[in-house]
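Chemist: the following block contains a protein sequence and its predicted model.
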Amino acid sequence: MSLRVEGARKAFRAGGVVALDGVDIATEDELLVIVGPSGSGKSTLLRAIAGLEPLDAGRVLIGDRDVTSLPPAARDVAMVFQEAAVFPHLTVAANIGIGERARGAGRRSIEARVREVAGVLDVDHLLDRMPGELSGGERQRVALARAMIRVPAVCLLDEPLASVDAESRLRMRGEIRALQRSLGVPMVHVTHDQLEALAMADRVAVMHGGRVLQCDTPTALYARPATTAVARIVGPLPMNLLASEGRVVGVRPERIRLGGDGLRATVLAVEQAGEECLVRLEAPVEVVEGDLLARLPWTAAPEAGTSVTVTWRTEDEHHFDATTGNRR
Ligand SMILES: Nc1ncnc2c1ncn2[C@@H]1O[C@H](COP(=O)(O)OP(=O)(O)OP(=O)(O)O)[C@@H](O)[C@H]1O
């Protein structure tokens, strides 16, 4: 199945915000993760695909069906939101089966399907519990199971891991990844956590200001960001951007080394992060945005206040146009 969004535009009269400013995406049976800062239009795009937000212009196509003017129920789309909305007065089994019951399926077939999907999402041992007796992660898995009980044409997830603790998040990333493979339909997952995006996705669409800046594999986004904005959004840390001879030179903090014949710098601060450390530097260069950062092994941590030299390999440089920010 394919999912395409073409030329999607959406302005909200309240506040005069252009939430979608000509968005095109095309995806097939893969996990497409949409990432971007708060307010970049991610949820609006997802809601437009689901039919919850009418577009001012543009089209949504699922397979060869133009669903732009169809109501949500007619689109065959499953959607899971940030806050797992489960019915507190129904058991887990009843929550998962509620859609099938509404469609008039028989009791036995509902039971069988509930057990099957609960097994996939590892909530089969919780079927008789009430939602109040579940952890946040378990509740979210129940919400996923309910949405996936019937294989939809398209599956949409809006920050389903946002309120789940770090350990469950890690586990659920893998489960969502596996769920997409077992369903074999396009899955679009929204997150503002770009590391989560890079870890899970077949491809990542980076949104900013209502536009898709780049849509590519995690490897390509990291290795060849198309613009300075993508270079700042994608990666374990924002890329350092230095003004140099009318262009912008980008170097990732994890590619910077201290010592050798290089740029003289002063160490402003050192933060330990497990085996590594984040070093904030001041150097006589024009840093286009943010601070000059280096990520080093903790064993190589310099002292704050000392003088160091900063080097990197030329093959680790990314070059961008100073005016447009586009990769050169
Ligand atoms: N119903 C609405 N009325 C007015 N403005 C809205 C409405 N919904 C969203 N917006 C605005 O549209 C822009 C995009 O919002 P959207 O929720 O799509 O962003 P987002 O990328 O999902 O953000 P977040 O990561 O914070 O959820 C924002 O500026 C937001 O304030």
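Modeler: That came through fine.

Chemist: now for the lengthiest helix in the chain, which elements pack on it?
Modeler: For the chain, the helix that runs over the most residues, judged by DSSP state H, is helix 166-183. Using 3 or more Cβ pairs under 8 Å, 6 or more residues apart in numbering; DSSP states H and E as the contact criterion, the secondary-structure elements in contact with helix 166-183 are strand 31-35, helix 107-120, helix 136-147, strand 154-158, strand 187-191, helix 194-200. For the C-beta atoms, the positions are set from N, CA and C on the backbone; glycine is no exception.

Chemist: weakest of those by average pLDDT?
Modeler: Ranked on mean pLDDT, the bottom entry among the helices and strands packed on helix 166-183 is helix 136-147, at a mean of 86.

Chemist: which residues touch that helix?
Modeler: Applying Cβ atoms under 8 Å, 6 or more residues apart in numbering, the external contacts of helix 136-147 come out as 78-81, 84-86, 92, 95-96, 98-99, 114, 117-118, 120-123, 126, 131, 134, 155, 157, 160-161, 163-165, 168-169, 171-172, 175-176, 179.

Chemist: so which bits of it are buried?
Modeler: By 16 or more other Cβ atoms under 10 Å, the buried positions in helix 136-147 come out as 137-147.

Chemist: picking up where we left off before, adding distance to Ala229, write the helices and strands packed on helix 166-183 out as TSV.
Modeler: Written out in TSV, the entries for those read as follows (distance: least, Cβ to Cβ, whole Å):
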stretch	distance to Ala229
strand 31-35	12
helix 107-120	37
helix 136-147	31
strand 154-158	23
strand 187-191	17
helix 194-200	12
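
Chemist: show me the one of the ones you listed that comes nearest Val248.
Modeler: Nearest to Val248, of all those, is helix 194-200, at 20.3 Å by Cβ to Cβ.

Chemist: so is that closest one next to the ligand?
Modeler: No. Where contact is defined by Cβ under 6 Å from any ligand atom, no part of helix 194-200 touches the ligand; the two come within 11.8 Å at best.

Chemist: and that helix, what does it pack onto?
Modeler: In this structure, helix 194-200 packs against strand 31-35, helix 166-183, strand 187-191, strand 203-208, helix 218-223, with contacts taken as 3+ Cβ pairs under 8 Å, 6+ apart.

Chemist: quick one, what contacts Ile233?
Modeler: 35-37, 194, 206, 208, 213.
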